[in-house]
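*Asks:* A predicted structure for the sequence below; I have some questions about it.
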Amino acid sequence: MDIKFTCPRCLQNISIDEKGAGATVECPSCKSQISVPVEPSAKPPLSYRAVTPASISEALSEPVIERRSGWSWFLKLVGVICLVGGMFWFFAAVYEERSDSARNAFIYIGIGIGGAIQSFFFAFLIDVFTDIRWFLKKLVDTRNS
């Protein structure tokens with residue numbers, strides 16, 4: 001009966017005759033020295049490829065430009081327009097000669113800042129989810145290859 005075990009370094013499935021129990025053998029895949037278990041393992045050998053730091057760093061080595069979404073830049077532009085528009089209407093209302101112009105000025109700047117915060121927040125979310133989607137796709141592609 002063969003002893004089936006897994007290399008702890010590269011997770012290669014190895015099978016050896018039971019006469020080799022307790023011996024030290026070289027892994028055919030990574031060439032590291034591993035000791036053969038004395039008893040046959042009751043667990044079946046792993047049939048999937050584990051994620052290693054090398055595969056993660058390969059996935060992260062792609063250029064950042066590929067990951068960016070056009071919607072993020074659009075929302076950032078809208079945020080800047082909201083800020084500039086809010087400041088413009090703020091100063092227009094401050095210099096207006098009406099009794100409620102000060103209140104209107106703060107309403108305008110509040111709308112401008114609120115719109116900018118909302119636009120920048122959604123641009124941030126788009127960037128985050130685009131990066132997560134890109135990373136998971138690269139991880140799956142790396143794992144399948």
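*Replies:* Nice, thanks for sending it over.
*Asks:* Can you tell me the centre-most residue of this protein?
*Replies:* Taking CA atoms, centre = their mean, the centroid of the chain lies closest to I132, which sits 3.7 Å from it.
*Asks:* That one is in what secondary structure piece?
*Replies:* Taking DSSP states H and E as the criterion, I132 maps to helix 101-144.
*Asks:* residue ranges with poor pLDDT in this protein?
*Replies:* Under the criterion pLDDT under 70, the flagged ranges of the chain are 1, 39-69, 145.
*Asks:* before we move on, back to that, how much space between the residue nearest to the centre of the chain and G20?
*Replies:* Distance, I132 to G20, by CB to CB, to the nearest Å: 46 Å. In short, each C-beta sits where N, CA and C put it, glycine included.
*Asks:* Doesn't L11 belong to a strand?
*Replies:* No. Read with DSSP: H, G, I helix; E, B strand; the rest coil, L11 is coil and lies in no strand.
*Asks:* Now the phi/psi pair for it, please.
*Replies:* Reported as degrees, to the nearest 10, the phi and psi values for L11 are phi 70, psi 30.
*Asks:* same question, F5
*Replies:* The phi/psi pair for F5 (degrees, to the nearest 10) reads phi -150, psi 170.
*Asks:* Could you do I3 as well?
*Replies:* Per-residue torsions, I3: phi -100, psi 120 (degrees, to the nearest 10).
*Asks:* I'd say it and K19 touch.
*Replies:* No. I3 is beyond contact range of K19, at 9.3 Å (criterion: CB atoms under 8 Å).
*Asks:* three-state assignment of P28?
*Replies:* Applying three-state DSSP: P28 is coil.
*Asks:* my bad, should have said S15
*Replies:* Per three-state DSSP, S15 ends up strand.
*Asks:* Outline the domain layout of this protein.
*Replies:* According to automatic domain parsing, the chain comprises the domains 2-49, 58-144.
*Asks:* residues contacting I109?
*Replies:* Contacts for I109 (CB atoms under 8 Å, 6 or more residues apart in numbering) come out as 86-87, 89-90.
*Asks:* so how far is F124 from it?
*Replies:* I109 is 22 Å from F124, by CB to CB.
*Asks:* Could you look over the domains of the chain and pick the most buried one?
*Replies:* Greatest average neighbour count among the domains of the chain goes to domain 58-144 (a mean of 14), per mean count of other CB atoms under 10 Å.
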